[in-house]
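Asks: the following comprises the amino acid sequence and a computationally predicted model.
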Amino acid sequence: MDMPPKLQAALEELMLPQSSKNLAEQAKVVSDRYRFQQRTGDSLLSRPDEAVAYALVRMPATFGAVFDALEQTLARTDPTAFRTLLDVGAGTGAATCAAVQLLSFQRIVCLERADAMRRIGQNLLSKSEIRPLPTWKNEDLTRGLHTEKADLVIASYMLNELAEQNRITALLSLWQATQKMLLIVEPGTPEGFRQIMRYRSVLLENGAFLIAPCPHHEPCPLSDEDWCHFSSRIARTKNHRRLKNAVLGYEDEKFCYLAASKTPVSSPVARILRPVRIYPGHVHLTLCKPDGHAACVPVSKKDKDLYKKAKKAKWGSSF
């Protein structure tokens with residue numbers, strides 16, 4: 001899913017007063033910092049040019065990952081139930097922008113402690129078609145969320161930035177702020193999945209009901225060498241390609257996610273864990289099943305209706 005045209009235009013405008021060479025250099029510096037710097041809980045950027053570079057190279061991917069994760073989640077819950085949104089560690093506002101494409105809110109609050117990033121987010125969202133415009137606040141999750149609550153709480157690519165010893169405390173703060181559903185999105189790496197599994201256990205211990213991607217509350221059936229992740233294809237603009245020194249007109253953002261509810265949800269269905277493989281006369285689906293097991297399931301052309309459904313199925317969707 002690509003960002004709305006007005007939001008994309010606002011993002012491109014950020015480049016106008018900037019040197020393309022400087023932005024490309026800052027994009028690499030910030031990217032390396034997020035990939036390799038040890039997580040201590042400190043903000044990983046503070047300068048305006050760093051925030052601009054981060055927004056240009058990361059906002060489309062974050063938007064796509066959150067949109068796909070939320071879309072998959074909403075297939076198992078009532079979209080009309082969510083009237084308020086709390087975007088924690090909102091950064092550029094990408095998660096908020098994704099959420100308003102799928103849901104209608106009466107109130108939105110974005111929490112972001114980095115001044116440079118918060119200013120970028122406010123600027124971008126003010127030029128978009130997002131309504132209502134979010135209220136932006138400077139609040140640090142590591143110190144607890146004492147004032148804000150919402151039907152839907154989103155934490156995207158945020159918990160992984162905290163020091164390891166602070167993540168569970170932060171998770172419990174997020175859960176306390178959640179009135180109906182919590183959505184967590186993390187990088188689609190083995191480490192990202194390991195963290196998601198930690199959060200899954202803690203949330204279940206605190207009375208959560210899993211919505212997605214898990215179709216059950218049993219232990220994860222994947223082996224230690226495997227990990228559950230999904231992919232969102234993002235179109236790259238000319239400027240995006242230039243800043244990332246990329247050739248392809250798209251990128252595939254790998255992500256892990258977890259959606260948990262305060263109340264029970266609809267009957268579970270299987271989740272497609274891998275890209276669908278289509279062969280002559282049959283389709284192979286790797287499914288995580290409601291009984292707590294995962295398996296590759298072949299669907300034959302002889303089973304006409306199921307075969308048609310399998311051919312149209314997508315990685316990450318329910319089946």
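Replies: Received, thanks.
Asks: report the buried residues of the longest helix anywhere in the chain.
Replies: Ranked by residue count under DSSP state H, the longest helix found in the chain is helix 48-74. Within helix 48-74, the residues that count as buried by 16 or more other Cβ atoms under 10 Å are 49-74. C-betas here are computed from N, CA, C, even on glycine.
Asks: any stretches of this protein with poor pLDDT?
Replies: Where the chain drops to pLDDT under 70, the residues are 16-20, 22, 27, 30-46, 144-146.
Asks: helices of that one, start to end?
Replies: Using DSSP H, the helices of the chain run over 5-13, 20-36, 48-74, 94-102, 115-126, 167-177, 190-205, 238-244, 304-312.
Asks: and these: which comes nearest residue 294?
Replies: Proximity to residue 294 (Cβ to Cβ) singles out helix 190-205 among those, at 13.7 Å.
Asks: which parts of that closest one are buried?
Replies: Neighbour-count burial for helix 190-205, counted by 16+ other Cβ under 10 Å, picks out 192-193, 195-197, 199-200, 202-203.
Asks: likewise for stretch 211-223?
Replies: For stretch 211-223, burial by neighbour count (16+ other Cβ under 10 Å) applies to 211-216, 220-221.
Asks: just the strands in the stretch 151-300 of the chain please.
Replies: Assigned by DSSP state E, counting those that start in this stretch, the strands in the stretch 151-300 of the chain fall at 178-187, 209-212, 230-235, 250-261, 271-272, 277-279, 282-288, 294-300.
Asks: ok, and what's touching the second one?
Replies: Same thing as strand 209-212. Residues from elsewhere that reach strand 209-212 (Cβ atoms under 8 Å, 6 or more residues apart in numbering): 69, 72-73, 75-77, 181, 200, 203-204, 216-217, 257-265, 271.
Asks: partners of it, with directions?
Replies: strand 250-261 (antiparallel) (DSSP bridges).
Asks: residue contacts, the residue lying closest to residue 10 once chain neighbours are set aside?
Replies: With Cβ to Cβ, 6 or more residues apart in numbering as the criterion, residue 10 has its nearest non-adjacent residue at 3.9 Å, and that residue is residue 127. Contacts for residue 127 (Cβ under 8 Å, 6+ apart) come out as 6-7, 9-10, 13.
Asks: what of residue 257?
Replies: If a contact means Cβ under 8 Å, 6+ apart, then residue 257 has 65, 69, 73, 183-186, 196, 212-213, 230 as its contacts.
Asks: ok so, going back, will you turn the buried residues of helix 190-205 into a markdown table that also has distance to residue 290?
Replies: Formatted as a markdown table, these follow (distance: Cβ to Cβ, whole Å):
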| residue | distance to residue 290 |
| --- | --- |
| 192 | 24 |
| 193 | 20 |
| 195 | 24 |
| 196 | 19 |
| 197 | 19 |
| 199 | 21 |
| 200 | 16 |
| 202 | 22 |
| 203 | 18 |
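Asks: quick check, nearest of the residues you listed to residue 103?
Replies: Nearest to residue 103 among the buried residues of helix 190-205 is residue 203, at 21.4 Å by Cβ to Cβ.
Asks: residue contacts, the closest one?
Replies: Counting by Cβ under 8 Å, 6+ apart, residue 203 touches 171, 175, 182, 210, 258, 260.
Asks: which residues does residue 168 contact?
Replies: Listed by Cβ under 8 Å, 6+ apart, the contact set of residue 168 reads 198-199, 202.
Asks: kindly recompute the last result at 7 Å.
Replies: Contact partners of residue 168, counting by Cβ atoms under 7 Å, 6 or more residues apart in numbering, are residue 202.
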